[in-house]
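Participant: Sequence and predicted structure, then a few things I'm wondering about:
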Amino acid sequence: MTSTTAVPEPPLLRLSHISKRFGALVANDDISLELHRGEVLALLGENGAGKSTLMAILFGHYVADAGCVEVEGRALPAGDTGAALNAGIGMVHQHFTLADNLTVLDNVMLGTEPLWRPFSRRGAARAKLLATAGRFGLQVAPDARIAELSMGERQQVEILKALVRGARVLILDEPTAVLTPQQSEALFATLRDLVREGLSILFISHKLDEVRRVSDRVAVLRSGRLVAQFDTLDGVDKAALAEAMVGHAVAPLGRGVRQRGALVARLREVTVAGKPRPRLNRVTLELHAHEVLGIAGISGNGQQALADLLCGVLAPDSGTLVLEGQRLPAKPRAWLRAGVARIPEDRHAVGAVGDLALWENAVLERYASPSFSVLGWLKRRRALDHAQALVQRFDVRGTEAGGLFTPARRLSGGNLQKLILGRALAGDPAAPAPKLIVANQPTWGLDVGAVAYVHGQLQSACAAGAALLLISDDLDELFALSDRIAVMHGGRLGVARPVAEWTRADIGLAMAGAVVAGHAGSFFSTAADGVVHAA
């Protein structure tokens, strides 16, 4: 009797000895990975570890200097996005690539038909969209406009775009960054259905709890090299994953004990006009020294307007806003001089000028200060010395080749954020420590090591006497740092309650505009005048 041994199924996707350099920087160094059918492989790494470069090579945006990509044993042409799509590789980016003014069907069809075709085959496309949605258990309304959809629904449209085009490998980049906890749960259920149907998933996330929950295997990159693989997550905790990412143990940071200090800023019934609804609708809020007030909410519900208001970028159309009892004009320089530090949501478009050197960005908000100028002339040596001090104090890396003259755009997201953080907290050596810090998504997209560093610096500034307004989509961050949490929805702000009074489920419901059970009164109430007020 002859025994037969089962031959293991070859991998669906294989990356072999991938290397990529950008000048002196080695972004990927001899990386080999395999992904099997019906498997979820998580890719972890610090900012600048090489994850994005590796995915860009896989998707055909970059050409590797060495190595190859194979799908079912066939090599993909280098630098050919069309070949990657035809081979069944789909990608859902962290920032959705949908046209808000078009319908779901229009977005799914974009780029799928040749320009010379005299008419569009919308009927066939609709049928295929509905069939694909039904197969994978996704809900879809083909004629709904993207602008009318929630973030969770938009993400389903992005996934459907890839599936309709025949994706067998789906790359998800930070897929829960803009989702409520309930929407994240729905996404995880969707992923389970996709995997059961044979889809393979590359899951990129900095949220280690999600990685452990969703993934079958984990690969860790550090400084461009593959440094660890966990073929099973049984017995592997968050601490082990974090240590593999950064190369050393990462101690968890708690809130500690802080006594609320004096009132720093107050908003009373503040409204900022907008269309089709106010950007802020009768918002009342108090910020105190030594306190972290967390603001939760789905992006686009007024958080940006609140941050701009407290940095002097916007002026209220009605209501009152005072900083230490004074009304300030809507001029950012006036708020800076009054002791307000800002960490903007978009570090690339707002927080820095990418083509300017690191040292120029370090003094960007304070170049007219007496510390850095005299009679309109910049004190270049003083500015360079200050920038060097910030680089050392806040551990800004990535300047090995160009030093202080490195363009800001060449820094990784984490290192650029450290530079912005340093500028906010110690931007003028002659000025006192900030009285109010407005931190809008301060750790968005950062790795666990950079997150711990930013959190530590914010905690230290708060302990030294600053009031901190922390706007974040990351509920773990809000629970870890905040003393009180309030939720924004539709330009309205709910009551700020002690963090112990919140659960993740309650915050998720409030983010969606629902009534929160377990609190006195509802999250929002409607007065006799028909205006919605915080309860």
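Facilitator: Perfect, thanks for sending it. Numbers count the residues shown, from 1 in each chain.

Participant: where in the protein is pLDDT low?
Facilitator: 1-8, 94-95, 113-120, 151, 177-180, 252-257, 400-401, 445, 515-535 (pLDDT under 70).

Participant: let's see it at 50
Facilitator: Within the chain, the set of residues satisfying pLDDT under 50 comprises 1-3, 516-535.

Participant: Okay, domains of it per the record?
Facilitator: What automatic domain parsing lists as the domains of the chain is 13-246, 263-339+432-534.

Participant: Out of the ones you listed, which gets nearest to R410?
Facilitator: The closest of the domains of the chain to R410 is domain 13-246. By C-beta to C-beta, the value is 8.5 Å. C-beta here means a position set from N, CA and C on the backbone, and glycine is covered the same way.

Participant: Can you convert the domains of the chain into JSON lines and add a column each for mean neighbour count and distance to G351?
Facilitator: Supplementary listing: the domains of the chain in JSON lines, determined by neighbours: other C-beta atoms under 10 Å; distance: least, C-beta to C-beta, whole Å:
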{"stretch": "domain 13-246", "mean neighbour count": "18", "distance to G351": "15"}
{"stretch": "domain 263-339+432-534", "mean neighbour count": "19", "distance to G351": "10"}
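
Participant: Adding distance to L390, write the ones you listed out as TSV.
Facilitator: Shown next, in TSV, are the domains of the chain (distance: least, C-beta to C-beta, whole Å):
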stretch	distance to L390
domain 13-246	18
domain 263-339+432-534	12
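
Participant: Out of the ones you listed, the one nearest R409 is which?
Facilitator: Going by C-beta to C-beta, the one of the domains of the chain nearest R409 is domain 13-246, 12.2 Å.

Participant: Could I get the full set of strands for the stretch 151-300 of the chain?
Facilitator: 169-173, 200-204, 217-222, 225-230, 263-272, 280-288, 292-296 (DSSP state E, counting those that start in this stretch).

Participant: want to throw the ones you listed into CSV with distance to L98?
Facilitator: Below are the strands of the stretch 151-300 of the chain laid out as CSV (distance: least, C-beta to C-beta, whole Å):
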stretch, distance to L98
strand 169-173, 15
strand 200-204, 19
strand 217-222, 29
strand 225-230, 33
strand 263-272, 27
strand 280-288, 26
strand 292-296, 24
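
Participant: Indicate which one of the ones you listed is closest to M245.
Facilitator: Across these, closest to M245 is strand 217-222 (C-beta to C-beta), at 5.8 Å.

Participant: partners of that closest one, with directions?
Facilitator: According to DSSP bridges, strand 217-222 forms sheet pairs with strand 40-45 (parallel), strand 225-230 (antiparallel).

Participant: now the angle between strand 200-204 and the first one, please.
Facilitator: What separates the directions of strand 40-45 and strand 200-204 is an angle of 20 degrees, with axes from the mean of the first three to the mean of the last three C-alpha atoms, to 10 degrees.

Participant: Could you point out the helix or strand that follows strand 40-45?
Facilitator: Using DSSP states H and E, the helix or strand that directly follows strand 40-45 along the chain is helix 51-58.

Participant: next one: that next one to chain centre, how far?
Facilitator: 18 Å (C-alpha atoms, centre = their mean, to the nearest Å).

Participant: CA atoms only for it, dumped as CSV, please.
Facilitator: What follows is helix 51-58, C-alpha atoms only, in CSV (Å, rounded to 0.1, in the frame of the first residue of the first chain):
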residue,chain,number,x,y,z
LYS,A,51,5.5,49.3,4.6
SER,A,52,4.2,51.9,2.2
THR,A,53,7.1,51.4,-0.2
LEU,A,54,6.5,47.6,-0.2
MET,A,55,2.8,48.1,-0.9
ALA,A,56,3.6,50.6,-3.7
ILE,A,57,5.9,48.0,-5.3
LEU,A,58,3.2,45.3,-5.0
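
Participant: Please identify the pairing partners of the following helix or strand past it and their relative orientation?
Facilitator: Remark: after helix 51-58, the chain's next helix or strand is strand 66-71, criterion DSSP H and E. Sheet pairing for strand 66-71, assigned by DSSP bridges, gives strand 13-22 (antiparallel), strand 74-75 (antiparallel).

Participant: before we move on, back to that, what's the closest of the domains of the chain to G402?
Facilitator: Proximity to G402 (C-beta to C-beta) singles out domain 13-246 among the domains of the chain, at 9.8 Å.

Participant: which residues touch A141?
Facilitator: By C-beta atoms under 8 Å, 6 or more residues apart in numbering, the contact set of A141 is V104.

Participant: quick one: what helix or strand has it in it?
Facilitator: Using DSSP H and E, A141 is not contained in any helix or strand.

Participant: And for W359?
Facilitator: Assigned by DSSP H and E, W359 falls in helix 358-362.

Participant: helices and strands around that helix, which ones?
Facilitator: Judged by 3 or more C-beta pairs under 8 Å, 6 or more residues apart in numbering; DSSP states H and E, helix 358-362 is in contact with helix 380-393, helix 413-426.

Participant: which of those sits most buried?
Facilitator: Scoring these by mean neighbour count under mean count of other C-beta atoms under 10 Å gives helix 413-426 as the most buried, with a mean of 24.

Participant: Can I get that one as CSV, trimmed to CA atoms?
Facilitator: Below are the C-alpha coordinates for helix 413-426, written out as CSV (Å, rounded to 0.1, in the frame of the first residue of the first chain):
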residue,chain,number,x,y,z
GLY,A,413,4.9,60.9,9.2
GLY,A,414,6.1,60.1,12.7
ASN,A,415,9.2,62.3,12.5
LEU,A,416,7.3,65.2,10.9
GLN,A,417,4.8,65.0,13.7
LYS,A,418,7.6,65.1,16.2
LEU,A,419,8.9,68.3,14.6
ILE,A,420,5.4,69.9,14.7
LEU,A,421,5.0,68.8,18.3
GLY,A,422,8.3,70.4,19.2
ARG,A,423,7.4,73.6,17.4
ALA,A,424,4.1,73.7,19.3
LEU,A,425,5.5,73.0,22.7
ALA,A,426,8.9,74.8,22.5
